[in-house]
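Asks: Please find the sequence and the predicted model below.
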Amino acid sequence: MIDNQGKVAVIFGVRNEASIAWDVALKLHRSGCKVALSYMADTKAEVLHMMQQNGMDPQYAAEVDVRDEEQITAFIKGVHDGLGQMNYILHGVAFGSQSVMCYTIPGIDEPAPEYINIPFEDFMDAFNISAYSLLRIARVAEQFCTDDASILTLTYNASQRVFPPYAGMAICKAALENIMIYLASYFRTRKIRVNAISAGLVMTTSAGGINGVRTLRKIGKFTAPLGNITASDVGDASLYYFSDLSKRVTGNIHFVDGGFNVMGIGVDGDKTN
């Protein structure tokens, strides 16, 4: 069992019980860590309810728009002033509109937007929330975290390979990974490590809006050597980065996808020929 007694964690990206960030928060709490969650206006009631139901102190939870550095600063400073320096930070935030993700809306007889026609303004909003926000959070947290802190973000293999249903969000994930490795170098003098978990498809609320996600899950079931994953699998892996076990690991992209990323073609494990 990883012992995080006395440690402080800040988690960005919890929407509901299906969120990967929620599983991470729950496992950190159970390991003894003091956990503070951010939320959006439409998720406040549910996030606070989940915290209370699971014995987490909601006192330092706060509404945060990651596009607003002042809101991030108020949240992180509040945690610092109340609980002390932060040891762990999870960046689990991502957003892309229909025109960025290029998906059709169920029940509406309109074709999906074309990738080549992704609107610049919509894309920049997705980039701001999904990628640049990591840089913004790290910039704010720099003065409020310990010298051996661990920052973790969540990415997806579409950053390196073509998954047509992921469309413009794939660009954001590629940028996110680049920001991550540059931050790993930037923080070298303070031994703050910055890593990413590249998770397989988990049926979160956000993933449910991706066109073709259920087809991808079916493909993953027989293509990945270990099959599809759950949010709990990502939460388990995150504890490695949110512990002293990873004290010499930084700039790493850790795949938790059942081995999907190593495969070149789909393989049906039930067939012998």
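Replies: Done, it's in.

Asks: drop to CA atoms for contacts and neighbour counts, all remaining ones
Replies: OK.

Asks: Tell me where the chain has strands.
Replies: Secondary structure of the chain (DSSP state E): strands at 8-12, 34-39, 62-63, 86-91, 145-155, 193-199, 253-256.

Asks: need these in CSV with distance to Ser97 and mean pLDDT, can you?
Replies: CSV is the format used below for these (distance: least, CA to CA, whole Å; pLDDT from 0 to 100):
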stretch, distance to Ser97, mean pLDDT
strand 8-12, 19, 98
strand 34-39, 19, 98
strand 62-63, 21, 97
strand 86-91, 19, 98
strand 145-155, 17, 97
strand 193-199, 21, 97
strand 253-256, 26, 98
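
Asks: any chance of these in a markdown table, with mean neighbour count and distance to Gln98 too?
Replies: Output for the strands of the chain, formatted as a markdown table (neighbours: other CA atoms under 10 Å; distance: least, CA to CA, whole Å):
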| stretch | mean neighbour count | distance to Gln98 |
| --- | --- | --- |
| strand 8-12 | 25 | 23 |
| strand 34-39 | 24 | 22 |
| strand 62-63 | 20 | 24 |
| strand 86-91 | 25 | 22 |
| strand 145-155 | 23 | 19 |
| strand 193-199 | 25 | 22 |
| strand 253-256 | 20 | 27 |
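
Asks: Gly264: which of those strands is closest?
Replies: Of all those, it is strand 253-256 that lies closest to Gly264, at 15.6 Å by CA to CA.

Asks: chain center to the closest one, what's the gap?
Replies: 12 Å (CA atoms, centre = their mean, to the nearest Å).

Asks: Going forward, count from 22.
Replies: Okay, using 22 as the starting number, the last item reads as strand 274-277.

Asks: Quick check: which helices or strands does that strand pack against?
Replies: Contacts defined by 3 or more CA pairs under 8 Å, 6 or more residues apart in numbering; DSSP states H and E place strand 274-277 against strand 214-220, helix 252-262.

Asks: mind checking which of these is nearest Asp89?
Replies: The nearest among these, by CA to CA, is strand 214-220 at 21.7 Å.
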